[in-house]
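Chemist: this one's sequence-less:
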């Protein structure tokens, strides 16, 4: 088997033990005589799968009892609209724009009310996070929204807004399950699964009970499209229609891996911090490659860097691919390179990448 080191920002690597278990169960899931891809979502086998997946998420993330967990189609981008549709009760919400996806979320929310951009790091090309304690939040806002880790620009919130009376809504697509999270600080957490959780095609939302049963001020609750209504879908345990069955199954396998193979999110954090330190320490030790992000706000999941010029960036990406390090090309908005080192990236992948980077530097400096 000749597997590459896949540094894609998503869809990303999945843990090899998870892939091997899925492979072993592919044709005959637990004696059912069928694949999870084939079985009815109303079958006893899938009923066990979805219930066990939710229960394992609760254990791994330590989700309090007063939060619902839902599995949704449409990815995190659909959540950009679902959040204001369901939560913008005052007709206003505060958004912190710290990258491309928080910008898109604010633009989507503006279709349903006033999405006030209370802080932005655009002035320095999203290379830092604004001081969340120095922001003038609107006391009449329905919620405060952040994207907690910025995949494209390689930044993360070192601390999150905590504003009395204002629920915090966070897109955690590119950092969920990489470290412990105090879920009780949030009114809603949502994330696309294709980075740290499962194959592409699903989003998960974790929502505090008191956030449900409402709607945007501009739209009566009865007029929210059924498939965009959190309350309707959660009241049916994510089974209002045929759910993304395979993604739910794979999420359950990843939760088992995190819980039993890794030992929980405290251990996962230690592994991720060590991987990120290897790469950032190398970047800081030389002057051929540059990481533009302020140290305090460096992402543990997405490490961005450039070489001396765009032509050299292209040469680097081509050589890296040839050497078995794939999907290192940076996002089109920023160029350069980006190494996404999610949970499934083994430490040796980062070690070998650094060795390759040093060899390339010596040959091209």
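Modeler: Perfect, I can see it now. Keep in mind it's a predicted model, so treat the numbers as computed, not measured.

Chemist: any idea how this structure splits into domains?
Modeler: For the chain, automatic domain parsing gives the domain ranges 5-15+265-364, 18-260.

Chemist: Format these as a markdown table; extra columns: mean pLDDT.
Modeler: Output for these, formatted as a markdown table (pLDDT from 0 to 100):
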| stretch | mean pLDDT |
| --- | --- |
| domain 5-15+265-364 | 97 |
| domain 18-260 | 97 |
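
Chemist: Now tabulate those in JSON lines and tack on mean neighbour count.
Modeler: Heads up, the C-betas are built off the backbone N, CA and C, glycines and all. Formatted as JSON lines, the domains of the chain follow (neighbours: other C-beta atoms under 10 Å):
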{"stretch": "domain 5-15+265-364", "mean neighbour count": "18"}
{"stretch": "domain 18-260", "mean neighbour count": "19"}
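
Chemist: And the helices in the stretch 251-365 of the chain, which stretches?
Modeler: Applying DSSP state H, counting those that start in this stretch to the stretch 251-365 of the chain gives helices spanning 265-284, 310-322, 347-364.

Chemist: Between those, which one is closest to residue 242.
Modeler: Each of these has some distance to residue 242 by C-beta to C-beta; the shortest is helix 265-284, at 30.8 Å.

Chemist: Now tell me what touches that closest one from outside.
Modeler: Residues outside helix 265-284 that contact it (C-beta atoms under 8 Å, 6 or more residues apart in numbering): 60-61, 177-181, 258, 262, 289-291, 298-301, 303, 305, 339, 341, 343, 345, 347, 350-351, 353-354, 357-358.

Chemist: just checking, residue 250 touches residue 11?
Modeler: No: judged on C-beta atoms under 8 Å, residue 250 makes no contact with residue 11 at a distance of 11.5 Å.

Chemist: Common neighbours of these two, please.
Modeler: Listed as contacting both residue 250 and residue 11 by C-beta under 8 Å, 6+ apart are residue 199.

Chemist: pLDDT value on residue 1, please?
Modeler: What the model reports as pLDDT for residue 1 is 65.

Chemist: May I see the helices of the stretch 251-365 of the chain arranged in TSV, with distance to residue 197 as well?
Modeler: TSV is the format used below for the helices of the stretch 251-365 of the chain (distance: least, C-beta to C-beta, whole Å):
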stretch	distance to residue 197
helix 265-284	12
helix 310-322	26
helix 347-364	19
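
Chemist: for those helices, which one sits closest to residue 71?
Modeler: Closest to residue 71 of the helices of the stretch 251-365 of the chain is helix 265-284 (C-beta to C-beta; 20.1 Å).

Chemist: Which one, of the helices of the stretch 251-365 of the chain, ends up nearest to residue 87?
Modeler: helix 265-284 (26.5 Å).

Chemist: Please name the spatially closest residue to residue 114 (chain neighbours excluded).
Modeler: On the basis of C-beta to C-beta, 6 or more residues apart in numbering, the spatially nearest residue to residue 114 that is not a chain neighbour turns out to be residue 92, at 4.6 Å.

Chemist: can you pull the contacts of that neighbour?
Modeler: Listed by C-beta under 8 Å, 6+ apart, the contact partners of residue 92 are 113-114, 116, 138, 140-142.

Chemist: would you list these in JSON lines and tack on distance to residue 75 and secondary structure?
Modeler: Shown next, in JSON lines, are the contacts of residue 92 (distance: C-beta to C-beta, whole Å; DSSP: H, G, I helix; E, B strand; the rest coil):
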{"residue": "113", "distance to residue 75": "23", "secondary structure": "coil"}
{"residue": "114", "distance to residue 75": "25", "secondary structure": "strand"}
{"residue": "116", "distance to residue 75": "25", "secondary structure": "strand"}
{"residue": "138", "distance to residue 75": "29", "secondary structure": "coil"}
{"residue": "140", "distance to residue 75": "30", "secondary structure": "coil"}
{"residue": "141", "distance to residue 75": "25", "secondary structure": "coil"}
{"residue": "142", "distance to residue 75": "23", "secondary structure": "coil"}
